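> Compute the structure for the input listed below.
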Amino acid sequence: VQLVESGGGSMQAGGSLRLSCTVSGSTRNCMGWFRQFHGKEREGVAAIYTGAGSTYYADSVKGRFTISSDNAKNTVYLQMNSLKPEDTAMYFCAAARYCYGATMTGANYWGQGTQVTVS
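From the prediction side, this is the model:
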């Protein structure tokens, strides 16, 4: 399984970006996004059960970020609105059997990451 992220970049505070994650083969039962701040561990941002559509978010992004999936395109999206400088991080797409909320404990497939910088 390969996960390929795209859509990162630089944005001013208050702006929006949409990240995409394309999965080789089909999307997994649980797909989601992590982010990693410089020198810190990765943290779960948002997750979705691609079959049922149930979504989960970290408190820090609730109301600003939206995760969605298009199973026909084998793609998961993260729409990020009202961006803040503290959202600056490397964002990773991940796949797992179960979500366990936004933490996605047990994620076993990872993309290479895409940088998001908010100034």
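> Could you give the number of residues near Q79?
The burial count assigned to Q79 is 15, neighbours taken as other Cβ atoms under 10 Å. For the C-beta atoms, the positions are set from N, CA and C on the backbone; glycine is no exception.
> For it, which non-adjacent residue is closest in space?
T66 (4.4 Å; Cβ to Cβ, 6 or more residues apart in numbering).
> quick one: contacts for that neighbour?
Neighbouring residues of T66 by Cβ atoms under 8 Å, 6 or more residues apart in numbering: A46, T55, L78, Q79, N81.
> Just say helix, strand or coil for it.
Applying DSSP: H, G, I helix; E, B strand; the rest coil to T66 yields a three-state assignment of strand.
> what's the residue nearest to T75 when sequence neighbours are not counted in contact with, if anything?
Nearest in space to T75, with sequence neighbours left out and distances taken as Cβ to Cβ, 6+ apart, is T22 at 5.0 Å. Listed by Cβ under 8 Å, 6+ apart, the contact set of T22 reads L3, V4, S6, K73, N74, T75.
> please redo it, this time with the cut-off set to 10 Å
Q2, L3, V4, E5, S6, D70, K73, N74, T75, V76, C93, G111 (Cβ atoms under 10 Å, 6 or more residues apart in numbering).
> Lovely, talk soon.
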